[in-house]
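A.B. asks: Pasting a predicted model and its sequence here:
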Amino acid sequence: MAAQLWPEATDHAAETAELAGNPDSFTLLTETVQGSPCGFATISIRPYANGCASRPVGYLEGIWVREDLRRRGVGGQLLQRAEEQLAARGLTELASDVLLDNLISQGAHLAWGFSEAERVVCYCKPLARREEPGAASAGEPGRSAGMRPDPQLQGMGGLTPPPTRDLP
Ligand SMILES: CC(C)(COP(=O)(O)OP(=O)(O)OC[C@H]1O[C@@H](n2cnc3c(N)ncnc32)[C@H](O)[C@@H]1OP(=O)(O)O)[C@@H](O)C(=O)NCCC(=O)NCCS
């Protein structure tokens with residue numbers, strides 16, 4: 001089921017095991033009367049979330065319902081169970097996020113009682129690989145990033161940012 005919701009993820013078994021060992025995360029499952037799994041919701045507790053006033057907050061990491069059983073309230077029931085568990089832990093808000101093109105989930109969130117808080121653009125930048133201590137240096141770190149070596153700044157790996165100009 002997780003692979004249906006997160007097809008880009010490669011190791012669902014490892015991620016499931018990681019979540020299972022995390023006391024701040026839980027997954028609710030639902031099944032048909034015949035006992036076949038047909039939906040899940042994964043919840044975590046995050047220190048804070050955009051748009052929420054309280055800390056920490058519950059966070060709907062993912063929710064999925066088998067395609068032929070959608071639009072029958074299964075998602076809403078999963079969410080209801082999640083809310084009850086979070087409230088029992090003393091939390092007062094539940095946050096979530098949805099991709100911009102997932103209009104069905106956006107509609108479901110509104111129907112489930114969420115209000116849109118804000119829209120953000122997510123970024124990712126790969127970090128330069130750090131060499132192992134003692135390994136032979138293949139080049140001077142920092143030069144390509146506009147940084148100059150400063151051996152006294154150990155906490156920054158011996159790098160100091162380029163000088164800044166005072167604002168008028
Ligand atoms: C989003 C999803 C979990 C909703 O599950 P669900 O069991 O169908 O949700 P519910 O039956 O509780 O629907 C609640 C409300 O959401 C809205 N909604 C749900 N599906 C809808 C659809 N296809 N079109 C329009 N509105 C829809 C409706 O208002 C619905 O209430 P209504 O049926 O009384 O009109 C399900 O569509 C799904 O698994 N989608 C694929 C995975 C996904 O996108 N997950 C969310 C990632 S953020």
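C.D. replies: Looks like it came in fine.

A.B. asks: what about Cys124, neighbour count?
C.D. replies: Around Cys124 there are 4 other residues, counting by other CB atoms under 10 Å. Backbone N, C-alpha and C define where each C-beta goes, glycine included.

A.B. asks: Then the one 3 residues further on?
C.D. replies: Around Leu127 there are 5 other residues, counting by other CB under 10 Å.

A.B. asks: any weak-confidence spans in this structure?
C.D. replies: 10-20, 135-168 (pLDDT under 70).

A.B. asks: what does it have sitting close to the ligand?
C.D. replies: 5, 62-65, 70-76, 98, 102, 104-105, 107-108, 111 (CB under 6 Å from any ligand atom).

A.B. asks: make it 8 Å
C.D. replies: Residues of the chain lying close to the ligand by CB under 8 Å from any ligand atom are 4-5, 39, 60, 62-67, 69-79, 96-99, 102-105, 107-112.

A.B. asks: Please, a PyMOL command that selects the buried ones among these?
C.D. replies: Listed next is the PyMOL selection for buried residues among those, using 16 or more other CB atoms under 10 Å:
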select buried, resi 39+60+63+64+65+66+74+75+78+79+96+97+98+105+108+109+112
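
A.B. asks: Strands - which of the residues of the chain next to the ligand land there?
C.D. replies: Gly39, Leu60, Gly62, Ile63, Trp64, Val65, Ser96 (DSSP state E).

A.B. asks: show me the contacts for Gly62.
C.D. replies: The contact partners of Gly62, taken as CB atoms under 8 Å, 6 or more residues apart in numbering, are Ala2, Leu5, Trp6, Phe40, Ala41, Thr42.
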